[in-house]
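Asker: generate a structure from the sequence data that follows.
(chains A and B)
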Amino acid sequence: MARSVTITTPVLSLEEFGETLGISKARQRSLNPIFVERRPQGDYAVRRRGSGKASYVLPTQKEAIERARKLEPNRAPIVERVRNTGGSPDKWRKA
Amino acid sequence: MRSKTGGFTQSAVFLNIPYDQRSRSLYLAYIAGLVHLGLVPRVTLGITGGTRRLDKILAEIQGCRYSIHDLSKVGLDRTPPFATPRFNMPFELGLAVAWEKSNPKKHTWFVFESKTYRLQKSLSDLNGTDPHIHGGQVAGVMRELSNVFRRLGDQPTVPEMMSTFHTISRRSVKILAEAGTNNLFEARAFKDLCYEAKLAVEIARR
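Answerer: This next block holds a predicted model:
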């Protein structure tokens, strides 16, 4: 008979997972760039790729990009295109 | 509750699988599937050769709550100077079996194969334990991982696990470029692939 188990241990958070793998915090940041995206409310969220919660919410895209650059000076944030360029949403650019 | 206590990690899975380019897809499938199931894959890629290698492999097995032993590539290796079978994977399975026998609450091992009934010929000592047959297919690996590891509540579906597989397959090109290598079977690339898989899972859950 094939073996199987029921897992009861909690799922690690992204940070705990990276730590368990022995990946440095700097490398984790490098693998997980900062995004700037428009929220349905019309303001702009600054957050890491795998994070559900925004690090910051700012009223304009310009302010959000500036904050993202302060958070990660050595890596360009990835910014959601908000202008309607040919009717294709979900486009991103480096700022 | 933290699952890591000392050198032992409750959610860690020791992956005893072939490291060759022909098995690239299966390697990525195991990483994507296990991470999607909330587990932490571990491999021997960071372990260097020498007399201490065996001790380190044993320590890795002892540090993992589970181990997976994929015996689908146990055929003859014709690489010069000698054509020989590769004994490492069945040998490591033997270590895991012995470790589980003496510590049944600390370790559980699983055998994966690509062909039905082959294990009965290649390793008849395991008769009575059916291997998980993946058929050499990525979806087969995902299906069997889901059969092995049942998570209470939030069990991912095979299509969700396939999506993570496709994501890390795409990302592997960049990971190799950043590591300055074309070999996915290196310690750094392995860690990056695991992290990318975890990121993909987190993004999909948002």
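Asker: any idea what B:F149 is bridged to?
Answerer: A:V5 (DSSP bridges).
Asker: what sits against it?
Answerer: With contacts defined as Cβ atoms under 8 Å, 6 or more residues apart in numbering or on different chains, B:F149 is in contact with A:4-5, A:7, B:34, B:37, B:39, B:66. Just so you know, the C-beta spots here come from the backbone N, C-alpha and C atoms, and that holds for glycine as well.
Asker: how about the residues of chain A by chain B?
Answerer: Listed as neighbours of chain B in chain A under the rule Cβ under 8 Å from any Cβ of the partner chain: A:1-12, A:14, A:16-18, A:20-23, A:27-28, A:31-32, A:49-52.
Asker: how about the strands in the chain?
Answerer: Picked chain A for this. A:5-7, A:34-38, A:44-48, A:56-58, A:78-80, A:92-94 (DSSP state E).
Asker: nope, chain B please
Answerer: Assigned by DSSP E, chain B shows strands spanning B:4-5, B:8-16, B:40-42, B:64-70, B:76-77, B:84-85, B:108-113, B:132-133, B:149-151.
Asker: between strand B:108-113 and the fourth one, find me the angle.
Answerer: In this case it means strand B:64-70. 20 degrees (axes from the mean of the first three to the mean of the last three Cα atoms, to 10 degrees).
Asker: mind listing what's buried along strand B:64-70?
Answerer: By neighbour count with 16 or more other Cβ atoms under 10 Å in any protein chain shown, strand B:64-70 contains the buried residues B:64-70.
Asker: pull the longest helix from chain B.
Answerer: With residue count as the measure and DSSP state H as the assignment, chain B has helix B:158-179 as its longest helix.
Asker: residue 14 - how many residues pack around it?
Answerer: In the absence of a named chain, chain A is used. A:L14 has 18 neighbouring residues, counting by other Cβ atoms under 10 Å in any protein chain shown.
Asker: looking at chain B here, not the other one
Answerer: 26.
Asker: now A:T60
Answerer: 11.
Asker: any idea how far chain B is from it?
Answerer: Noted for A:T60: a distance of 24 Å to chain B, by Cβ to the nearest Cβ, to the nearest Å.
Asker: would you confirm that B:L26 contacts B:I17?
Answerer: Yes: with contact defined as Cβ atoms under 8 Å, B:L26 and B:I17 form a contacting pair (6.8 Å).
Asker: common neighbours of these two, please.
Answerer: The overlap between the contact sets of B:L26 and B:I17 (Cβ under 8 Å, 6+ apart) consists of B:D70.
Asker: lowest average confidence across the strands of chain B, which one?
Answerer: The stretch with the lowest mean pLDDT among these is strand B:4-5, at a mean of 44.
Asker: give me the buried subset of the contacts of B:F149.
Answerer: The neighbour-count test (16+ other Cβ under 10 Å) marks A:7, B:34, B:37, B:39, B:66 as buried among the contacts of B:F149.
Asker: could you dump the residues you listed to a markdown table with distance to B:L58?
Answerer: Below are those laid out as a markdown table (distance: Cβ to Cβ, whole Å):
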| residue | distance to B:L58 |
| --- | --- |
| A:I7 | 24 |
| B:L34 | 21 |
| B:L37 | 25 |
| B:L39 | 21 |
| B:Y66 | 16 |
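Asker: from those residues, pick the one nearest B:Q137.
Answerer: Each of these was checked against B:Q137 using Cβ to Cβ; the closest is B:L34, at 16.7 Å.
Asker: how far away is the nearest residue to the closest one once chain neighbours are set aside from A:I34?
Answerer: Spatially, and ignoring its direct neighbours in sequence, B:L34 is nearest to B:P41 (4.7 Å; Cβ to Cβ, 6 or more residues apart in numbering or on different chains). The gap separating B:P41 from A:I34 is 27 Å, by Cβ to Cβ, to the nearest Å.
Asker: what stretches of chain B score poorly on pLDDT?
Answerer: Low-confidence regions of chain B, defined here as pLDDT under 70, cover residues B:1-6, B:48-51, B:206.
Asker: which parts of it are helices?
Answerer: Here chain B has its helices, by DSSP H, at B:24-36, B:53-62, B:88-102, B:118-122, B:138-148, B:158-179, B:187-205.
Asker: winner for burial among those helices?
Answerer: helix B:24-36 (a mean of 24; mean count of other Cβ atoms under 10 Å in any protein chain shown).
Asker: no further questions, thank you.
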